[in-house]
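[1] give me coordinates for this.
(chains A and B)
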Number of protein chains: 2
Amino acid sequence: MSPVLYVVGLGPGAMEQITQEAQGALARATDVLGYDLYVTRAIALGIPEKTTIHMTDNREELDRARHALELAMQGRIPVVVSGGDSGVFGMASAVFEAVAGGPEVWRDIDIRIIPGVTAVLSVAARLGAPLGGDFCVISLSDNLKPWDLVARRLRLAAEAGLVIALYNPRSRSRPGQLDLGFATLREVLADGTPVAFARAIGRPAEQVEITTLARARGESADMSTLVLIGCAHTRVIERQGQNPWLYTLRRVP
Amino acid sequence: MSPVLYVVGLGPGAMEQITQEAQGALARATDVLGYDLYVTRAIALGIPEKTTIHMTDNREELDRARHALELAMQGRIPVVVSGGDSGVFGMASAVFEAVAGGPEVWRDIDIRIIPGVTAVLSVAARLGAPLGGDFCVISLSDNLKPWDLVARRLRLAAEAGLVIALYNPRSRSRPGQLDLGFATLREVLADGTPVAFARAIGRPAEQVEITTLARARGESADMSTLVLIGCAHTRVIERQGQNPWLYTLRRVP
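    Numbers count the residues shown, from 1 in each chain, chains lettered A, B, ... in the order given. Below you'll find the model as predicted:
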């Protein structure tokens, strides 16, 4: 049997939003590797009793990927876990970066990426149907790319009329960037464009705030928030005593 | 109890890629509504024996949505099914369009959108990690928007350096548009930009073709294909006797 490595997306948080395929991979694990938040979730979802746990800090992604590849070569069955989908700002890319820079034999490993429900999908489901048209997913963090590029992407996405989902909108080390991002978007989009702040969707601390681009403030977001900015065809349905629904027209006149 | 309506994403095709939450909604259905392909899949996944089946043509989305809302008002538990995620070119948006244009009481319906793994995620997982950076999802169909807008979005997305996932790339009535799309992208992106054609991923007829933008031809796609176009930071890892892996660098220098 060729060595095997699983990279698994655990979904947005609610236990029942994991796929059976992901659950099946966890059940085979001899080793689980990941950021402690996600490893804890994997344990709660169910892994074999003798599985070795490797919790690491969120910033050591490439080291964790190499470690998992080495475990696979030793005949273990490592499972690297991410929240949401591992291919969307998760561990999958780090694993292939490690393969590209690693020994030739790592290319024979049977790397199985198990997709999951990424945050933008669970947030959209909670809000209504804001992704009814074309959309984009952008990480606002400048840890991995220059801020100028982030701002340029925001502007072009808005000019294209894409609904915009922002991952990693704010952190303690980047308190002001989301407001800069809103300022960039205001140069292109109408003041009334709907904006949603969706925090910890699918988890007990879940919170939703719906506002407009003119009123949107960065302080409404934290590390666990996904920010969704509508387009010219995003509509609001008001409801009594509840958050309004957002949806984007399928048809552009 | 207030009236309830489920809108459920069944995932990309493989049975084990559905979430437990979606499976739970199907188990409660008194009525299942959807395009015949997805209703058939829902039946295979498991619905109660006495559930009423409403199969309809793919083009009658707004009628189907209204029908489901009426069933909910009658105290039934209708479940509208889509492939992948219902919020991404699926039924969710049609349901809210129907609500917006329907009687006020429909706003009291407890509409539960159950997210699923949409095609771009399962395709990316099969290819490696091509969504490692920022990306966008665009429907190439001009059934619902003018072609000029599609072309403009492609150009701006390429200028922004987003990885591009194309849904509905080609149909019998639109045989030439994908080639027009490639021509537009070639004005912005390098000839060597990786392009993947991923057909029926997760189903028995699964097929993957990886090429470059210079060599990409529309005839490689059909209705069941998702086309993924990389960006300047998308890399190829060659492997002996197998499709290469694609991944996009997390870090933009």
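[2] so who does the residue nearest to A:Ala196 when sequence neighbours are not counted touch?
    Leaving aside its sequence neighbours, A:Ala196 sits nearest to A:Leu228 (CB to CB, 6 or more residues apart in numbering or on different chains; 4.5 Å). (Glycine included, C-beta is placed from N, CA and C.) A:Leu228 is in contact with A:120, A:123-124, A:127, A:130, A:163-166, A:195-196, A:198, A:246, counting by CB atoms under 8 Å, 6 or more residues apart in numbering or on different chains.
[3] can you verify A:Leu228 is assigned to a strand?
    Yes: judged by DSSP: H, G, I helix; E, B strand; the rest coil, A:Leu228 forms part of a strand.
[4] list the contacts for A:Met223?
    A:168, A:170-171.
[5] before we move on, back to that, which of the contacts of A:Leu228 sits closest to chain B?
    Set against chain B, the nearest of those by CB to the nearest CB is A:Ala124 (4.5 Å).
[6] run a quick neighbour tally on the closest one.
    A:Ala124 has 32 neighbours, counted by other CB atoms under 10 Å in any protein chain shown.
[7] same question, A:Gly75
    10.
[8] how far away is it from A:Pro244?
    From A:Gly75 over to A:Pro244 the distance is 54 Å, taken as CB to CB, to the nearest Å.
[9] repeat for A:Asn143
    34 Å.
[10] the two: who's more crowded?
    A:Pro244 (16 against 12).
[11] residue farthest from the centroid of chain A?
    The outermost residue of chain A, judged against the average C-alpha position, is A:Met1 (32.7 Å), by CA atoms, centre = their mean.
[12] so which of the contacts of A:Leu228 are in strands?
    A:163-166, A:195-196, A:198, A:246 (DSSP state E).
[13] of those, buried ones?
    Those of these that meet the buried threshold are A:163-166, A:195-196, A:198, A:246, by 16 or more other CB atoms under 10 Å in any protein chain shown.
[14] quick one: strands adjacent to the helix-or-strand element of chain A with minimal mean pLDDT?
    Counting by mean pLDDT, DSSP states H and E, the weakest-scoring helix or strand in chain A turns out to be strand A:52-56, with a mean of 88. With DSSP bridges as the test, strand A:52-56 is paired with strand A:31-35 (parallel).
[15] wouldn't A:Leu149 be in contact with B:Glu159 here?
    No: applying CB atoms under 8 Å as the test, A:Leu149 and B:Glu159 come out as separate, 11.7 Å apart.
[16] where does the prediction get shaky in the stretch 1-150 of chain A?
    A:57-59 (pLDDT under 70).
[17] on that earlier part again, with the contacts of A:Leu228 in mind, which one is nearest to B:Val105?
    Using CB to CB, A:Leu246 comes nearest to B:Val105 of the contacts of A:Leu228, at 20.3 Å.
[18] show me what contacts the closest one?
    Shown in contact with A:Leu246 (CB under 8 Å, 6+ apart): A:127-130, A:194, A:196, A:210, A:228, A:230, A:234-237.
[19] isn't A:Val195 right next to A:Ile210, touching?
    Yes: between A:Val195 and A:Ile210 there is a contact under CB under 8 Å: 7.5 Å.
[20] mutual contacts of these two, please.
    Counting by CB under 8 Å, 6+ apart, nothing touches both A:Val195 and A:Ile210.
[21] quick check: closest non-adjacent residue to A:Pro175.
    Leaving out its chain neighbours, A:Pro175 is closest to A:Gly218 (CB to CB, 6+ apart), at 7.3 Å.
[22] now do A:Leu178
    Closest residue to A:Leu178 apart from its sequence neighbours, by CB to CB, 6+ apart: A:Gly218 at 3.6 Å.
[23] shouldn't that neighbour be in contact with A:Phe182?
    Yes: checked against CB under 8 Å, the pair A:Gly218 and A:Phe182 is within contact range at 6.9 Å.
[24] what does the stretch 151-253 of chain A put close to chain B?
    Neighbours of chain B within the stretch 151-253 of chain A, by CB under 8 Å from any CB of the partner chain: A:152-153, A:156-157, A:159-162, A:235, A:237-240, A:245, A:247-252.
[25] recalculate using a threshold of 6 Å.
    Contact residues (CB under 6 Å from any CB of the partner chain) of the stretch 151-253 of chain A with chain B: A:153, A:156, A:159-160, A:162, A:237, A:239, A:245, A:247, A:250-252.
[26] separate out the buried members of those residues.
    A:153, A:156, A:159-160, A:162, A:245, A:247, A:250, A:252.
[27] ok, those vs B:Gly84, which is closest?
    Nearest to B:Gly84 among these: A:Arg250, at 15.1 Å, using CB to CB.
[28] return the residues in contact with that closest one.
    Counting by CB atoms under 6 Å, 6 or more residues apart in numbering or on different chains, A:Arg250 makes contact with A:132, B:93, B:144.
[29] is it true that it lies in a strand?
    No: counting by three-state DSSP, A:Arg250 is not found in a strand; it is coil.
[30] any idea of the pLDDT on it?
    A:Arg250 is assigned 93 on the pLDDT scale.
[31] quick one, helices of chain A?
    A:20-28, A:36-45, A:61-73, A:92-100, A:119-127, A:147-159, A:177-186 (DSSP state H).
[32] just name the most buried of these.
    helix A:119-127 (a mean of 28; mean count of other CB atoms under 10 Å in any protein chain shown).
[33] distance between it and the chain's centre?
    Relative to its parent chain, helix A:119-127 has a centroid offset of 11 Å by CA atoms, centre = their mean, to the nearest Å.
[34] and chain B, is that helix touching that?
    Yes: Helix A:119-127 is in contact with chain B by CB under 6 Å from any CB, via A:121-122, A:124-125.
[35] ok, which pair from the residues you listed is furthest apart?
    It's A:Ser122 and A:Ala124 that sit farthest apart of these, by CB to CB, at 7.4 Å.
[36] and the residue of the stretch 101-250 of chain A nearest chain B?
    Closest point on the stretch 101-250 of chain A to chain B, by CB to the nearest CB, is A:Gly132, at 3.0 Å.
[37] give the contact list for that residue.
    Residues near A:Gly132 by CB under 6 Å, 6+ apart: A:247-248, A:250, B:93.
[38] and for A:Leu62?
    A:94, A:98.
[39] now A:Cys136
    A:Cys136 touches A:157, A:162, A:164, B:136, B:162, counting by CB under 6 Å, 6+ apart.
[40] looking at the contacts of A:Arg250, spot the one nearest A:Leu178.
    Checking those one by one against A:Leu178 (CB to CB), the nearest turns out to be A:Gly132, at 24.4 Å.
[41] tally of neighbours for the nearest residue to A:Gly11 once chain neighbours are set aside?
    Spatial nearest neighbour of A:Gly11, excluding adjacent residues (CB to CB, 6+ apart): A:Gln17 at 3.9 Å. A:Gln17 has 25 neighbours, counted by other CB under 10 Å.
[42] show me the contacts for A:Ala92.
    By CB under 6 Å, 6+ apart, the neighbours of A:Ala92 are A:7, A:86, A:113, B:129.
[43] at 8 Å instead, please
    A:7, A:82, A:86, A:113, B:124-125, B:128-129, B:132, B:247.
[44] A:Val137 and A:Val163 touch, don't they?
    No: in this structure A:Val137 lies outside contact range of A:Val163 using CB under 8 Å: 9.8 Å.
[45] break chain A into its domains for me.
    Following automatic domain parsing, one finds the domains of chain A at A:4-117, A:120-248.
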